[in-house]
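Chemist: Sequence isn't available, so here's the structure alone:
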């Protein structure tokens, strides 16, 4: 049977979480419709052994792919040419899906031909295991459960990696390759297919369960400071990609710039978290001015109030902003 969905599980030293992740895909009603590619990224714990046990038990659905360590982006790059499903979705090894929603989601994929599916997902606290927030795929509920072009999609929130499911053939047929050996390449994964997509369906199914609060997560601000150069590396790749697609239709160009601007907004948060030392302030000002000069569309698409205030006051409020950030987020 042709697989409807390929689920890629990037897995690096996630023995503590992987069983919970893989169990969430085991539903006999839909197991023949999906393939799960567990990409072991050079783990040194029992990650590969756990994945191998699922491959032995469910040989028609689970596959273990082992490779040298190359980072999250490398696992996706590695999986794309090996995927056989109609659609492609990434579920990190320390996250999972809500099994009770999986049959409805597979049914949706069987009955649509949209290039992209964007659906709701839940944020789940690591300690309490309780859902702390449901992130909706749309602001306007009217856009649920129907296919739209990107002229309409530009009015809705930018797709996240947790909400995104994309046609596998789009990833295979186009020059889509993520940065390797670094973090924060998620934004590349959700932006790079956009120039090649024409349709999107929004779904309220809260399939993905995103674990928050785990120690050492890449989204932790202390880790983002430590890996600031990697974040900047990804931004440079996104800026280059945006320049290479300067001839896109206006609505799609606007969507691409909005998506990149969300990564830029995070860059300002890193600057705020690093404090008000003169060198840091100078680097922020240089970054902001260069962005305005070289990428005005992305510059104007930045939405966070803190960024607006920093610019509106000609950077004078930055030391106060850094202090407030340290008090409430440090």
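Modeler: Cool, got the structure. Small disclaimer: the values here were computed from a predicted structure and weren't measured.
Chemist: In the chain, what helix or strand scores lowest on average pLDDT?
Modeler: Lowest by mean pLDDT, DSSP states H and E among the helices and strands of the chain is helix 318-329, with a mean of 80.
Chemist: What is that helix packed up against?
Modeler: Judged by 3 or more Cβ pairs under 8 Å, 6 or more residues apart in numbering; DSSP states H and E, helix 318-329 is in contact with helix 250-274, helix 278-294, helix 305-312. C-beta: built from backbone N, CA, C; applies to glycine.
Chemist: Mind doing that once more with 7 Å?
Modeler: helix 250-274, helix 305-312 (3 or more Cβ pairs under 7 Å, 6 or more residues apart in numbering; DSSP states H and E).
Chemist: from these, which stretch is densest packed?
Modeler: Neighbour counts (mean count of other Cβ atoms under 10 Å) averaged over each of the helices and strands packed on helix 318-329 peak at helix 250-274, with a mean of 20.
Chemist: That one to helix 278-294, inter-axis angle?
Modeler: 170 degrees (axes from the mean of the first three to the mean of the last three Cα atoms, to 10 degrees).
Chemist: What average pLDDT does helix 250-274 get?
Modeler: Summarised as a single mean, pLDDT over helix 250-274 is 94.
Chemist: what sits up against it?
Modeler: 150-151, 153-154, 158, 187, 190-191, 194-195, 221, 224-225, 228, 231, 234-235, 238, 242, 245, 248, 280, 284, 287, 291, 297-298, 301-304, 306-307, 310, 321-322, 325, 329 (Cβ atoms under 7 Å, 6 or more residues apart in numbering).
Chemist: any idea which element residue 117 lies in?
Modeler: strand 116-125 (DSSP states H and E).
Chemist: Can you verify residue 88 is assigned to a helix?
Modeler: No. According to DSSP: H, G, I helix; E, B strand; the rest coil, residue 88 belongs to no helix; its state is strand.
Chemist: what's near enough to touch it?
Modeler: The contact partners of residue 88, by Cβ under 7 Å, 6+ apart, come to 6, 8, 165, 166, 168, 171.
Chemist: For the fourth one, grab the count of nearby residues.
Modeler: Residue 166 has 26 neighbouring residues, counting by other Cβ atoms under 10 Å.
Chemist: Equivalent analysis for the third one, please.
Modeler: In terms of burial, residue 165 registers 27 neighbours under the definition other Cβ under 10 Å.
Chemist: Give the next helix or strand downstream of the helix or strand where it lies.
Modeler: Secondary structure from DSSP H and E places residue 165 in strand 164-167. Remark: after strand 164-167, the chain's next helix or strand is helix 168-173, criterion DSSP H and E.
Chemist: Which strands or helices does the helix or strand just after that next one pack on?
Modeler: For helix 168-173, the following helix or strand on the C-terminal side (DSSP H and E) is helix 186-191. Under the contact criterion of 3+ Cβ pairs under 7 Å, 6+ apart, helix 186-191 touches helix 228-244, helix 250-274.
Chemist: Tell me which of the ones you listed sits nearest to residue 205.
Modeler: Evaluated over these, closeness to residue 205 peaks at helix 250-274, with 22.2 Å, by Cβ to Cβ.
Chemist: of the helices and strands packed on helix 318-329, which approaches residue 207 most closely?
Modeler: That would be helix 250-274 among these, by Cβ to Cβ, at 20.9 Å.
Chemist: between the closest one and helix 318-329, what angle do the directions make?
Modeler: Using the same axes, to 10 degrees: helix 250-274 against helix 318-329 is 80 degrees.
Chemist: what angle do helix 250-274 and helix 228-244 make?
Modeler: Relative orientation of helix 250-274 with respect to helix 228-244: 160 degrees, computed using the same axes, to 10 degrees.
Chemist: how far is helix 250-274 from where the chain is centred?
Modeler: The chain centre lies 13 Å from the centre of helix 250-274; the measure is Cα atoms, centre = their mean, to the nearest Å.
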